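Novice: Compute the structure for the input listed below.
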Amino acid sequence: MDHFPTNYTDILKILDAIDPVAYGKTRNYLSGKVTRLSPYISRGVISTKLVAEKLLARGCSFPEIEILLKELAWRDYFQQVWIALGDNIDTDIRQPQPAVRNHGMPLMITMANTGIAALDEGIKALYETGYMHNHLRMYVSSLACNIAGSHWQTPARWMYYHLLDADHASNTLSWQWVAGSFSAKKYFANQENINKYCGTMQNGTLLDVSYEELNHLSIDIPAAEDFQLPPTVLPETPGVLLNHELPTYIYNFYNLDPAWGTAEPANRILLLEPSFFERYPVSAKTMEFILELAKNIEGIKVFSGEFNALGKMGNVRGFQYKEHPTTRHYNGTVHPRDWLFPKTTGYFPSFFSFWNKCDKKEYGYSKRAGA
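Specialist: Residues are numbered from 1 along each chain as shown. Sure, this is the predicted structure:
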């Protein structure tokens, strides 16, 4: 993977190179000092907690890391919403998305032909690298949902499919936030805003209007109502032989942690369930990324099949796996994930209601520092 190394040592070097102060000042700009750690956090190679702990170990103060900490907390917040609401996150949460005109996929977006240079280049880069800057994701979402009038579900699936950092909760709830079904109002950005944060000087585009005009802008943009994504192709794998003297650690799309459970000998299986990828399809590039990341786990074997099929192979020492909304049908011993704020759980209607409940003292917060 040219754009995102998959070797664990190299990933930790990226983590060590974070500049949280520069991040806080520039993260909204395409040229900003973003961490580019999201593919590794989403795949469970590293956790949000590990990122924060590394920064604390370097002596960073709470004010220096607060913005980055908050962005990491957004990811945990979305996961908590998924845990609490389950499959209900796949429908409009707070209220129906306003002014929906179609349930398809705007073709100008899939074809990278919006006429907005920053967006078109960003979409081409998404296809090539599996990554898109967060601000660009918001621009694309706003164009699809709030200008083209598409319901968020289909465009959200399209973006998830191509992202190396595909995270169903983060992606789905971010699209709902932009579309106004999981927020108090829709998110809009005009060409002036795009130029500012993308370093372009374009004018005359369909978004080159004032915000007052943008709020009422309605453009007939063709959308494919029958839009379909190619299915995910799983690797063909032989049946795995388990050592029945050992426990079996199960890794999956959301858990590729090389540091997990290394204290004891174990069978280690990367489980790729066809039913999971039928529901949440990803691109061949993302699948390649998963398989490369799995190589960091010593002795791991890949199994393309359902958990039940793995269970029929027998394992007297039991299966070990990490808690996640997509592993509720596993059986065995469930291990907790590492959270930034493990005591703050459950559903919160907004991120800030969640953030205000988080005990941030562990990260150096005090009333004076946090003021």
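Novice: Can you tell me what sits against the helix or strand harbouring residue 356?
Specialist: According to DSSP states H and E, residue 356 maps onto helix 351-357. The contact list for helix 351-357 (CB atoms under 8 Å, 6 or more residues apart in numbering) reads 70, 73-74, 77, 80, 344, 348. Yep, even glycine has a C-beta here, placed from its N, CA and C like the rest.
Novice: Now the buried members of these.
Specialist: Using 16 or more other CB atoms under 10 Å as the burial test, the contacts of helix 351-357 include 70, 73-74, 77, 80, 344, 348 as buried.
Novice: Now intersect the residues you listed with the helices, please.
Specialist: Among the buried ones among the contacts of helix 351-357, the members found in helices (DSSP state H) are 70, 73-74, 77, 80.
Novice: and of the residues you listed, the nearest to residue 119?
Specialist: Checking those against residue 119 with CB to CB, the nearest one is residue 74 at 22.5 Å.
Novice: tell me what the strand ranked longest in the chain is packed against?
Specialist: The single longest strand within the chain, with elements called by DSSP state E, is strand 267-272. Helices and strands touching strand 267-272, by 3 or more CB pairs under 8 Å, 6 or more residues apart in numbering; DSSP states H and E, are strand 248-251, helix 284-294, strand 301-304, helix 307-311.
Novice: what does the average pLDDT come to for it?
Specialist: Strand 267-272 comes out with an average pLDDT of 97.
Novice: before we move on, what about stretch 364-371?
Specialist: In the prediction, stretch 364-371 has an average pLDDT of 61.
Novice: about what we covered before: hey, C-alpha coordinates of the helix holding residue 356 in CSV?
Specialist: Listed next in CSV are the C-alpha coordinates belonging to helix 351-357 (Å, rounded to 0.1, in the frame of the first residue of the first chain):
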residue,chain,number,x,y,z
PHE,A,351,-21.4,14.7,20.7
PHE,A,352,-21.2,17.6,23.1
SER,A,353,-23.5,16.0,25.6
PHE,A,354,-21.2,13.0,25.4
TRP,A,355,-18.0,15.1,25.7
ASN,A,356,-19.3,17.0,28.7
LYS,A,357,-19.8,13.8,30.6
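Novice: list the buried ones in that helix?
Specialist: Using 16+ other CB under 10 Å as the test for burial, helix 351-357 gives 351, 354-355.
Novice: Please name the residues that touch the nearest residue to residue 170 once chain neighbours are set aside.
Specialist: Leaving aside its sequence neighbours, residue 170 sits nearest to residue 78 (CB to CB, 6 or more residues apart in numbering; 4.6 Å). Residue 78 is in contact with 167, 169-170, 173-174, counting by CB under 8 Å, 6+ apart.
Novice: would JSON lines of those with pLDDT be doable?
Specialist: Shown next, in JSON lines, are these (pLDDT from 0 to 100):
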{"residue": "167", "pLDDT": "98"}
{"residue": "169", "pLDDT": "98"}
{"residue": "170", "pLDDT": "98"}
{"residue": "173", "pLDDT": "98"}
{"residue": "174", "pLDDT": "98"}
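Novice: so which of these comes closest to residue 258?
Specialist: residue 167 (19.2 Å).
Novice: Distance check, the closest one against residue 131.
Specialist: Per CB to CB, to the nearest Å, residue 167 is found 13 Å from residue 131.
Novice: Which one's more surrounded, these two?
Specialist: Using other CB atoms under 10 Å, the more surrounded residue of residue 167 and residue 131 is residue 167, with 22 against 18.
Novice: Low-confidence ranges, the stretch 251-371 of the chain, go.
Specialist: Scanning the stretch 251-371 of the chain for pLDDT under 70 picks out 314-316, 367-371.
Novice: hmm, try it at 50
Specialist: Residue ranges of the stretch 251-371 of the chain with pLDDT under 50: 370-371.
Novice: before we move on, what about the stretch 101-250 of the chain?
Specialist: Ranges of the stretch 101-250 of the chain meeting pLDDT under 50: none found.
Novice: show me where it has strands.
Specialist: Using DSSP state E, counting those that start in this stretch, the strands of the stretch 101-250 of the chain run over residues 105-106, 223-224, 248-251.
Novice: related to what we said a few turns ago, can you tell me which of the contacts of helix 351-357 lies nearest to residue 288?
Specialist: Among these, and counting by CB to CB, the member closest to residue 288 is residue 74, at 27.4 Å.
Novice: Leaving out the residues flanking it, which one is nearest to the closest one?
Specialist: residue 351 (5.9 Å).
Novice: so residue 206 touches residue 214, yeah?
Specialist: No. Counting by CB atoms under 8 Å, residue 206 does not reach residue 214; the two are 10.0 Å apart.
Novice: Which residues are in contact with each of these two?
Specialist: residue 147.
Novice: Go ahead and name everything in contact with stretch 224-236.
Specialist: Contacts of stretch 224-236 (CB under 8 Å, 6+ apart): 102-105, 107, 110, 154, 157-158, 161, 272, 274, 277-278, 281-284, 287, 291, 302, 304.
Novice: ok, now stretch 161-170?
Specialist: So stretch 161-170 is contacted by 1, 4, 38-39, 41-43, 74-75, 78-79, 81-82, 89, 126-127, 129-132, 160, 171, 229, 254, 280-283, 285-286, 289, 325 (CB under 8 Å, 6+ apart).
Novice: Which of the residues you listed are buried? Put it as a ChimeraX command.
Specialist: The ChimeraX command for the buried members of the contacts of stretch 161-170 (criterion: 16+ other CB under 10 Å) is given here:
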select :4,38,39,41,42,43,74,75,78,79,81,82,89,126,129,130,131,132,160,171,254,280,281,282,283,285,286,289,325
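Novice: Restricted to helices, list the contacts of stretch 161-170.
Specialist: Short answer: the contacts of stretch 161-170 in helices (DSSP H) are 38-39, 41-42, 74-75, 78-79, 81-82, 126-127, 129, 160, 171, 285-286, 289.
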